[in-house]
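>>> Need a 3D model of the following:
(one chain, ligands or ions: 1)
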Amino acid sequence: MQVEIIEVGPRDGLQREKTFIPTDQKITLIQKLVEAGLRRIQVTSFVHPKAVPQMADAEQVCAGLSHVEGVVYSGLVLNLKGLERARNAGLNDVDVSISASDSHSRQNANMSLADAQTHFHEMVARAREYGLTIRGGIQCAFGYYENDVTDDLVIELARQHLALGLDELALADSTGMANPAQVARLLAKIIPMAEGKPVILHLHDTRGMGLANVVAALEAGCCHFDTAFGGLGGCNFIEKATGNIATEDTVYMLHAMGYQTGVDIAKVAEVSKMMESLLGKQSLPGKMYQLLG
Ligand code: ZN
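Prediction:
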């Protein structure tokens, strides 16, 4: 069975890193990920450069992407301005999301959940008008520090998102609080609601439950996962957030379990090694790249 791996390292992986990676290095990095067999790559986010300095070169990164048959590049957008920027930069795929947590939304986006929903609807409407492929996400879908996220709320948000005619739905465990039972429970409700549209899981390994959550999701019928090379990552606006599940580790586990991904782990590991030295780090959180790189 085929599992789709969506590489989010160039965006989620790098966004919190203080060392600015030069644009040409980012482009090389993305190119190497393509060569490693990744077919979907989230390349950047269109946020204010003051908020996330690492993403200040979003347009230049997009301008340097090479067209490869079957490869889809996407960008994260937080507002209408970001949406315009992504479109002008030539991206056809945008990732739009809101947080299920009212308190996270207020801290992160300066909006109540209700206002964020209205804003989300506007962005989706505009993106549809432009004919873009839209991935609609729910951040903190598995909990936030203030315990203001319930299953019922997430299911209701998913229902509303899907009713807008999104192409894909993404559930993000931004805080790394998800556990396998919860993942199974939520996906059992949400995957049927999506009526065949992809439901993507975006997991952080903050509490070491990332791969266990992948197994639970697979059993619940989910076959689309966001991962980041070397396990880099973490939201700028979530305290103590740590890396995404590592691409190499996830792919290794999937292949060992008999799933196919089309991803060459050794080539991804080379990328992680390259980034480890560019970022001046002793090591990245991922395990497999250290064995292979
Ligand atoms: Zn994330």
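>>> use CA for all of it now, contacts and neighbours both
Noted.
>>> So what touches stretch 242-254?
5, 7, 12-13, 176, 202-206, 210-211, 226-235, 260-261, 263, 265-266, 268-269, 285-289 (C-alpha atoms under 8 Å, 6 or more residues apart in numbering).
>>> Now residue 197. Nearest residue, chain neighbours left out?
Excluding the flanking residues, the one nearest residue 197 by C-alpha to C-alpha, 6 or more residues apart in numbering is residue 168, at 5.8 Å.
>>> Just list the residues touching that neighbour, thanks.
Contacts of residue 168 (C-alpha under 8 Å, 6+ apart): 134-136, 197-200.
>>> quick one on the thing from earlier: please pick the buried ones from the contacts of stretch 242-254.
The neighbour count (16 or more other C-alpha atoms under 10 Å) marks 5, 7, 12-13, 176, 202-206, 210-211, 226-235, 261, 263, 265-266, 268-269, 285-286, 288-289 as buried among these.
>>> Residues touching the worst-scoring helix or strand of the chain on mean pLDDT, excluding its own?
When each helix and strand of the chain is scored by mean pLDDT, DSSP states H and E, helix 102-109 comes last, with a mean of 91. Helix 102-109 has contacts (C-alpha under 8 Å, 6+ apart) with 98-99, 111-113, 116, 144, 146, 148, 237.
>>> about what we covered before: okay, and which of the contacts of residue 168 map to helices?
Among the contacts of residue 168, none falls in helices (DSSP state H).
>>> I'd like to know which of those is nearest to residue 279.
Comparing these against residue 279 with C-alpha to C-alpha places residue 200 closest, at 28.6 Å.
>>> Which pair of the contacts of helix 102-109 spans the longest distance?
Using C-alpha to C-alpha, the two most remote members of the contacts of helix 102-109 are 116 and 146, lying 18.2 Å apart.
>>> Give me the more crowded residue out of these two.
Counted by other C-alpha atoms under 10 Å, residue 116 and residue 146 do not tie: residue 116 has more neighbours, with 20 against 10.
>>> element containing the more buried one, please.
Assigned by DSSP states H and E, residue 116 falls within helix 113-129.
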